[in-house]
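Visitor: give me coordinates for this.
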Amino acid sequence: MFDGVHRGHQFVLRQLAEQARRHHLQPLAITFDRSPRQEQVLTPLNEKLRLIRANGIDHVEVLRFTSELKALSARQFMEQELRQRLGVRLLLTGYDNRFGHNREEGFDDYVRHGRELGINVIGLPAEGDVSSSYIRQLLTDGHVTDAAECLGHPYVVSGHVGHGQHIGTGLGFPTANLVPDDARQLIPAVGAYAVIVKTSSGTYRGMMNIGTRPTFDGQTTTLEVHILHHDEDLYGQSLSVAFIGRLREERPFRSAEALRQQLQQDAIQTEQILTAYEESHHLFL
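Guide: Alright, predicted model coming up:
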């Protein structure tokens, strides 16, 4: 799935590029259009393709996970999809990757099938203790900094700005209500975060609140982002939000004024977190 295109995936992609050069072949990454497990995803398809290509692999084959594809045995998949349709000569597979109907076979079987089909099958060792499921758990718990360390890049949610209730405007912190492009994408735990926001006009510092706005008896979970020192009307625009650090949990406040004072403290902490991040990554926002 290459979900998240994390450090382990990046190791696989680097090895793919190296093996392709060594054998004078064209590197090709193969993934699916959706998760066979129907779980929440870390990277929507377009973002996943961008990240794979950013790791030096220009060609990506996206397989539609149909009932017909699901029914193929490992050998049928290797023969029909890999050898006949895609012309695969060398297959590089991660240490824990299993494919074919019900994932019934393993690496030794793939090597045997490959020998019969003219595909050289190479298995890769583990590279660190990183998995997409572990990263999902980190994000579910709000540990966005640890998740970024495993990913090798900050976690990003992209979407468009929809209608909000304009509560933040009355507090002096106008927010944009972010509606994710992919409803299947995992959203980090409820709470407040320091974020980097990309819009059509530039890249900015910001803070995001994920939650129900309990101070105002909210019922629906929303993603509200405030861009620091920026008053552009963002309604209808596309935004990408990169999670850099967690500020605090969401909690109700005794009054709107108490919440406003907390937001002022959040803004100070956000500036500190993002300044440290920019210095360590040689960025200037």
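Visitor: hey, let's count contacts and neighbours off CA atoms from now on
Guide: Will do.
Visitor: what's the longest helix along the chain packed up against?
Guide: When the chain is parsed with DSSP state H, its longest helix is helix 256-281. On a contact count with 3 or more Cα pairs under 8 Å, 6 or more residues apart in numbering; DSSP states H and E, helix 256-281 meets strand 191-199, strand 202-211, strand 238-248.
Visitor: show me what the first one pairs with in its sheet, parallel or antiparallel.
Guide: Read that as strand 191-199. strand 202-211 (antiparallel), strand 238-248 (antiparallel) (DSSP bridges).
Visitor: quick one, domains of the chain?
Guide: When the chain is parsed with automatic domain parsing, its domains come out as 7-123, 154-281.
Visitor: for stretch 209-221, which positions count as buried?
Guide: N209, I210, G211, T212, R213 (16 or more other Cα atoms under 10 Å).
Visitor: then stretch 21-37?
Guide: Of the residues in stretch 21-37, those buried (16+ other Cα under 10 Å) are P27, L28, A29, T31, F32, R34.
Visitor: and the strands in the protein?
Guide: When secondary structure is read from DSSP state E, the chain shows strands at 28-32, 59-63, 90-93, 120-123, 155-162, 176-180, 191-199, 202-211, 222-227, 238-248.
Visitor: can I get these in a markdown table including mean pLDDT and distance to L263?
Guide: Output for the strands of the chain, formatted as a markdown table (pLDDT from 0 to 100; distance: least, Cα to Cα, whole Å):
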| stretch | mean pLDDT | distance to L263 |
| --- | --- | --- |
| strand 28-32 | 95 | 42 |
| strand 59-63 | 96 | 43 |
| strand 90-93 | 94 | 48 |
| strand 120-123 | 94 | 51 |
| strand 155-162 | 95 | 21 |
| strand 176-180 | 94 | 15 |
| strand 191-199 | 97 | 10 |
| strand 202-211 | 95 | 9 |
| strand 222-227 | 94 | 10 |
| strand 238-248 | 97 | 10 |
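Visitor: okay, those strands in JSON lines with distance to F77 next?
Guide: Below are these laid out as JSON lines (distance: least, Cα to Cα, whole Å):
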{"stretch": "strand 28-32", "distance to F77": "12"}
{"stretch": "strand 59-63", "distance to F77": "11"}
{"stretch": "strand 90-93", "distance to F77": "12"}
{"stretch": "strand 120-123", "distance to F77": "14"}
{"stretch": "strand 155-162", "distance to F77": "33"}
{"stretch": "strand 176-180", "distance to F77": "34"}
{"stretch": "strand 191-199", "distance to F77": "40"}
{"stretch": "strand 202-211", "distance to F77": "42"}
{"stretch": "strand 222-227", "distance to F77": "41"}
{"stretch": "strand 238-248", "distance to F77": "36"}
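Visitor: out of the ones you listed, nearest to Y277?
Guide: Nearest of the strands of the chain to Y277, taken as Cα to Cα: strand 238-248 at 7.7 Å.
Visitor: now that closest one against strand 222-227, angle please.
Guide: 90 degrees (axes from the mean of the first three to the mean of the last three Cα atoms, to 10 degrees).
Visitor: so strand 238-248 versus strand 155-162, what angle?
Guide: Going by the same axes, to 10 degrees, strand 238-248 makes 120 degrees with strand 155-162.
Visitor: contact partners of strand 238-248?
Guide: For strand 238-248, contacts defined as Cα atoms under 8 Å, 6 or more residues apart in numbering pick out 142-145, 148, 154-161, 178, 191-200, 266, 269-270, 273-274, 277.
Visitor: which of the buried residues of stretch 21-37 sit farthest apart?
Guide: P27 and R34 (21.9 Å).
Visitor: specify the beta-bridge partners of the nearest residue to D181 once chain neighbours are set aside.
Guide: Distances taken as Cα to Cα, 6 or more residues apart in numbering place G159 nearest to D181, at 4.4 Å, with adjacent residues excluded. Beta bridges link G159 to P180, L239 when assigned by DSSP bridges.
Visitor: so who does G159 touch?
Guide: Contacts of G159 by Cα under 8 Å, 6+ apart are L178, V179, P180, D181, D182, S238, L239, S240.
Visitor: export the buried residues of stretch 21-37 to JSON lines and tack on distance to T66?
Guide: Shown next, in JSON lines, are these (distance: Cα to Cα, whole Å):
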{"residue": "P27", "distance to T66": "25"}
{"residue": "L28", "distance to T66": "21"}
{"residue": "A29", "distance to T66": "19"}
{"residue": "T31", "distance to T66": "13"}
{"residue": "F32", "distance to T66": "10"}
{"residue": "R34", "distance to T66": "10"}
